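Asks: Structure, please.
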Amino acid sequence: MRIQPHDKSKLLQAALGEIPCDLAVTNVKLVNVFTGEIYPATVFVYDGFICHVEKEHPEQGLDLARKIVDGKGQYLIPGLIDVHMHIESSMLTPRNLASVIIPHGTTTIITDPHEIANVYGVEGVEYMLEASEDLPMRQYINIPSCVPAVPGLENAGAEFHAAEIEKLAAHDRVIGLAEVMDFVGVIHGEPRMMEIIAAAERCGLNLQAHAPSVSGRALSAYLCAGPNADHESSRAEEAEEKLRAGMFIDARESSIVRNVRDLWPGIKDNRFFDSLCLCTDDREADDLLNIGHVNNTARVAIAAGMDPVLAVKSATWNSAREIHVDNLGAIAPGFAADFLLVPDLREMNPSAVYYSGRLVAENGAMAEPIPVRDYPLEHRNSMKVQPLRKSDFEIHAAVLDGTVKIHAMAYADRASSLTALETAELPVKDGCVQLNDPDLKFVAVINRYGKGTIGLGVVRGFGLTCGACGSTVSHDSHNLTIVYEKPEDALMLAEELIRVGGGMCVVKDGRILHTLALPLAGLMSLKSAQELSPDARLMKRADEEIGLTGLENPLLRIVTLALPVIPEVKMSDLGLVDVMSKKLIPLFAC
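Replies: Numbering: from 1, shown residues only. Reported below is the predicted structural model:
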């Protein structure tokens, strides 16, 4: 795939110097991602494309430029590309997201609208496409591959099959099939995943991978199926095996999981890094506003020991190669004129951001505000939950009084989303299971799409010490997930989130501490990042008040509890799920 100019003949004329170019950026240190060199250069732009690059300061040709920008000796690097992210995880709309990440130097993202697809199906993806039109950046979309993540183990708001893939593939900004998360189904050639992959291949889409801890022959089978770009490597040896197998590795720094520091020391002695990329995956608004975006991921990689030029290459040209866009991610003739002026290559904070040859951000702010637009879906309540009662949050046993053995999920530690299966013996009073260990809490996953299903269980090591926390941001089906001590607190929380159209909430001692309303699909706010960030900080403080302390981001502790593609066991609205066997586990142990 190539980004095409409006008039290629005139672009050639501008390259030859026969007609004036639009812009010349001179007195810069150009970072060449092909050769690894840094050298003085002047870059000429015509109609959104680079038409010529002159080493050193040109003796002639500047008089043909309609505008000349003095780079003042700064580095000139390609616009940054986030090769894998979910806009919904920012809790911002596509337009509000653009306003906050463009000043950080991101000019292209490849987004997986998997979250809103689980809520609204094809209509949700079409909203993301419509809401990202005419922005001063590129927002490419990969079609969600697993809606829901694992059919039969959870109920979402929609289902995607081959027909949905083929329908959405017709859009010109759809370029790939998003992370193929049902890796067990892929490895064993299950019909649903084979049909979806075949449809994507017929449409000429790239295939993005999702293969956490997949190794050996299982990895070989997964690669034979086609997905080839993975952001789920958490250990250096895992990344090494995947790089050796020819995979693209998208080193991730999200608001939930941070992998770059762990991966780089184990692969730094490799000779080639052509398939190493950088991504943010899930990064929320507060982090985007105050820490950064892909520039922060690059900064972390550099601090871990990566050469700054390699960090630039990994965040630009390598990413463009992964998505098969041939003239993006480099500063060279015929390439899209997306580039940054950067005073310090290690800090990676741009003083100026250019998209298609136009200045779009300067000194950390947009050059011009992005116009606000209104879309009908932004004002629809997605919460379709039947009236709830306190008893809906009680685990009812077959005995009136005594004890029962319960299958429970147990977190490895507070920093991990991995959970194991364990058995707990719990007391029963008046037919209801009670908790007898401060490290144990109840969990409920309530279907919010009118299916009427509620999964109840017990979790160990979540971190909650009192009260209840709940969220409709609950990957991937985004049902209403609540962790709690008392059923009455859980009921109050559920009713609050139903009222506001979804979001996050904390209840303690029978009162609501804070609600972060996310009315767009129960996932996103209509606020700007500047407005949403302080609201999110209040939500974090409420989480900390009920025990979620010592975490990178307490806001996101709950969001993977119901994700049935992260080993070993997870909860869903249908009950406890064995991730690897893809089976439901009985609540009561024999």
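
Asks: Can you tell me which helices and strands the lengthiest helix in the chain packs against?
Replies: Criterion DSSP state H: the longest helix present in the chain is helix 529-545. Counting contacts by 3 or more CB pairs under 8 Å, 6 or more residues apart in numbering; DSSP states H and E, helix 529-545 packs against helix 94-101, helix 285-290, strand 503-508, strand 511-517. Bear in mind the C-beta positions are built from the backbone N, C-alpha and C, glycine included.

Asks: now that helix and helix 94-101, what's the angle there?
Replies: 90 degrees (axes from the mean of the first three to the mean of the last three CA atoms, to 10 degrees).

Asks: So what touches helix 529-545?
Replies: Helix 529-545 has contacts (CB atoms under 8 Å, 6 or more residues apart in numbering) with 90-92, 96-97, 99-100, 284-286, 288-290, 467, 469, 504, 506, 508, 513-514, 516, 525, 527, 553-555, 557.

Asks: Compare the helices and strands packed on helix 529-545 and say which comes out lowest on pLDDT.
Replies: If those are sorted by mean pLDDT, helix 285-290 sits at the bottom with a mean of 92.

Asks: Pull out the buried residues from it.
Replies: Buried residues in helix 285-290, counted by 16 or more other CB atoms under 10 Å: Ala285, Asp286, Asp287, Leu288, Leu289.

Asks: Remind me what that helix packs against, helices and strands.
Replies: Going by 3+ CB pairs under 8 Å, 6+ apart, helix 285-290 lies up against helix 94-101, helix 529-545.

Asks: any chance of these in a markdown table, plus mean neighbour count and distance to Pro343?
Replies: As requested, those are exported to a markdown table (neighbours: other CB atoms under 10 Å; distance: least, CB to CB, whole Å):
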| stretch | mean neighbour count | distance to Pro343 |
| --- | --- | --- |
| helix 94-101 | 24 | 19 |
| helix 529-545 | 18 | 24 |
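
Asks: Include distance to Val360 when you put the ones you listed into CSV, please.
Replies: CSV is the format used below for the helices and strands packed on helix 285-290 (distance: least, CB to CB, whole Å):
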stretch, distance to Val360
helix 94-101, 9
helix 529-545, 16
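
Asks: of the ones you listed, which approaches Asn447 most closely?
Replies: Evaluated over the helices and strands packed on helix 285-290, closeness to Asn447 peaks at helix 529-545, with 23.7 Å, by CB to CB.

Asks: Work out the sheet partners of the helix or strand where Ile249 lies and label each with its direction, please.
Replies: Taking DSSP states H and E as the criterion, Ile249 maps to strand 248-252. Strand 248-252 pairs in its sheet with strand 229-230 (parallel), strand 276-279 (parallel), by DSSP bridges.

Asks: Tell me how many other residues crowd the residue lying closest to Thr111 once chain neighbours are set aside.
Replies: Setting aside the residues directly before and after it, Thr111 is nearest to Ile87 in space (CB to CB, 6 or more residues apart in numbering), at 5.0 Å. Neighbourhood size, Ile87 [other CB atoms under 10 Å]: 26.

Asks: on that earlier part again, deepest of the strands paired with strand 248-252, which one?
Replies: When these are scored by mean count of other CB atoms under 10 Å, the highest mean neighbour count falls to strand 276-279 (a mean of 29).

Asks: Just give me how far it sits from the chain centre.
Replies: Its chain's C-alpha centre and that of strand 276-279 lie 13 Å apart, by CA atoms, centre = their mean, to the nearest Å.

Asks: ditto for stretch 532-541
Replies: In this view, stretch 532-541 has its centroid 20 Å away from the chain centroid, taken as CA atoms, centre = their mean.

Asks: residue ranges of the helices in the stretch 451-590 of the chain, please?
Replies: 487-500, 529-545 (DSSP state H, counting those that start in this stretch).

Asks: looking at the ones you listed, which is closest to Asn327?
Replies: Asn327 sits nearest to helix 529-545 of all those, at 30.7 Å, using CB to CB.

Asks: Strand 511-517 and the closest one, what's the angle between them?
Replies: Using the same axes, to 10 degrees: helix 529-545 against strand 511-517 is 150 degrees.

Asks: orientation of helix 529-545 relative to strand 503-508 in degrees?
Replies: Angle, helix 529-545 to strand 503-508, by the same axes, to 10 degrees: 30 degrees.

Asks: for this protein, which spans come out with low pLDDT?
Replies: Residues of the chain meeting the criterion pLDDT under 70: 59-61.

Asks: Can you give me the domain assignment for it?
Replies: With domains defined by automatic domain parsing, the chain comprises 81-309+366-373, 390-585.

Asks: Mind putting those into JSON lines with distance to Val342?
Replies: Shown next, in JSON lines, are the domains of the chain (distance: least, CB to CB, whole Å):
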{"stretch": "domain 81-309+366-373", "distance to Val342": "8"}
{"stretch": "domain 390-585", "distance to Val342": "22"}
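
Asks: about what we covered before: Throw the strands paired with strand 248-252 into JSON lines and include distance to Trp264, thanks.
Replies: As requested, these are exported to JSON lines (distance: least, CB to CB, whole Å):
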{"stretch": "strand 229-230", "distance to Trp264": "16"}
{"stretch": "strand 276-279", "distance to Trp264": "9"}
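
Asks: so which of those gets nearest His104?
Replies: Among those, strand 276-279 sits nearest to His104 (CB to CB), with 12.9 Å.

Asks: and for that closest one, what are the contacting residues?
Replies: 82-85, 229, 231, 243, 248-253, 260, 267, 294, 297-298, 301, 310-311, 314-315, 318-319, 322.

Asks: same question, stretch 564-572
Replies: The contact list for stretch 564-572 (CB under 8 Å, 6+ apart) reads 146, 149-150, 153-155, 181-183, 210, 212-213, 409, 417-421, 443, 445, 455, 457, 459, 476-477, 479, 481, 560-563, 576-580, 585.

Asks: Spell out which helix or strand contains the residue nearest to Asp476 when sequence neighbours are not counted, please.
Replies: Closest residue to Asp476 apart from its sequence neighbours, by CB to CB, 6+ apart: Ala149 at 4.4 Å. In the assignment (DSSP H and E), Ala149 maps to no helix and no strand.

Asks: dump the residue contacts of Ala149.
Replies: By CB under 8 Å, 6+ apart, the contact list for Ala149 reads Met181, Asp182, His475, Asp476, Ser477, Leu563, Pro564, Val565.

Asks: Skipping adjacent residues, who's closest to the fifth one in space?
Replies: If the residues on either side of it in the chain are set aside, Ser477 comes closest to Ala156, at 3.9 Å by CB to CB, 6+ apart.

Asks: That concludes my questions; thank you for your assistance.
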